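1. 3D model of this:
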Amino acid sequence: MATTLGNIQQVRARIARACDDAKRPVQSVTLLCVSKTFGPDAVREAHAAGERRFGENYVQEALDKIAALADLRPGIEWHLIGPLQGNKTRAVAEQFDWVHSIDRLKVAQRLSAQRPPGLPPLQVCLQVNISGEASKSGLAPHEVPAVAAAVAALPRLRLRGLMAIPEPAGDLAAQRVPHRALRALLERLRAGGLELDTLSMGMSADLEAAILEGATLVRVGSAIFGRRGGVTPLP
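-> Got it, this is the predicted structure:
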């Protein structure tokens, strides 16, 4: 518990410093704890430390975890941040609160059709391949406006904004470039009439750059839970 709490406090301090540098209120940035590959006990520790938002990459792992932590519902928000295959959409529509990784209109249409009417709208972001990497999922920037307009019109979904996983860069100035591009893309969508409020960008290594460029949600895993495959926290 002490280690998890200490790590969360360190991450929150980083967020606060970055917000101060960006002249933004700290309340303008939401922390998403990325709990993929870590078990329910790790989520319980972070929950006990005050965290309520958790990100998962793998649908089946997440579903098992959601079931194991059913006693904490509805006080937890579950966010899918990894790729979503068409045959997994029903379970995601039924169990998750957010999906950050929409990269095809067909997937959004399936989520819309399968979201139970008794639940609030599923909050969604479009994933953008902002660095143009062949190995990364996501829409090309020029594809985003048409897909965004179509997704925004779907029932039982609420399009919140954009998500990206930029190519790693070595220094702050280089890290800021793709985050700046994603922010500019969001601003173009807003100018076109879409009511969007979310920039899901920034992780353990580059959250400062993301916050300087307008991130509203940062996805932090290793700086909270440690290196994946082990329990040793990062310094």
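2. Could you measure from Gln127 over to Arg44?
-> Plainly put, Gln127 is 29 Å away from Arg44 if you go by Cβ to Cβ, to the nearest Å. Yep, even glycine has a C-beta here, placed from its N, CA and C like the rest.
3. Give the bridge partners for Val127, please.
-> Careful, residue 127 is Gln; it's not Val. Met163 (DSSP bridges).
4. Model confidence for it, exactly?
-> In this prediction, Gln127 carries a pLDDT score of 98.
5. wait, what's in contact with it?
-> Listed by Cβ atoms under 8 Å, 6 or more residues apart in numbering, the contact set of Gln127 reads His100, Ser101, Ile102, Asp103, Ser137, Gly138, Leu139, Leu162, Met163, Ala164, Ile165.
6. Likewise for Leu5?
-> Contacts of Leu5 (Cβ under 8 Å, 6+ apart): Glu45, Ala48, Ala49.
7. Can you say which of those residues are buried?
-> Neighbour-count burial (16 or more other Cβ atoms under 10 Å) is assigned, among these, to Glu45, Ala49.
8. Output the contacts of Leu5 in JSON lines, with pLDDT, secondary structure and distance to Glu77 appended to each entry.
-> Conversion of these to JSON lines gives the following (pLDDT from 0 to 100; DSSP: H, G, I helix; E, B strand; the rest coil; distance: Cβ to Cβ, whole Å):
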{"residue": "Glu45", "pLDDT": "95", "secondary structure": "helix", "distance to Glu77": "17"}
{"residue": "Ala48", "pLDDT": "96", "secondary structure": "helix", "distance to Glu77": "16"}
{"residue": "Ala49", "pLDDT": "95", "secondary structure": "coil", "distance to Glu77": "16"}
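9. wait, which of the contacts of Leu5 is closest to Pro117?
-> Lowest distance from Pro117 to the contacts of Leu5 (Cβ to Cβ) belongs to Ala48, with 33.6 Å.
10. Pull up the gap between that closest one and Lys136, please.
-> Between Ala48 and Lys136 the distance, using Cβ to Cβ, works out to 34 Å.
11. Also Arg90?
-> According to Cβ to Cβ, Arg90 and Lys136 sit 26 Å apart.
12. Over to Val107?
-> Where Lys136 is concerned, Val107 sits at a distance of 16 Å (Cβ to Cβ).
13. Repeat that for Thr89.
-> Computed as Cβ to Cβ, the Thr89 to Lys136 distance reads 21 Å.
14. All good on my end, thank you.
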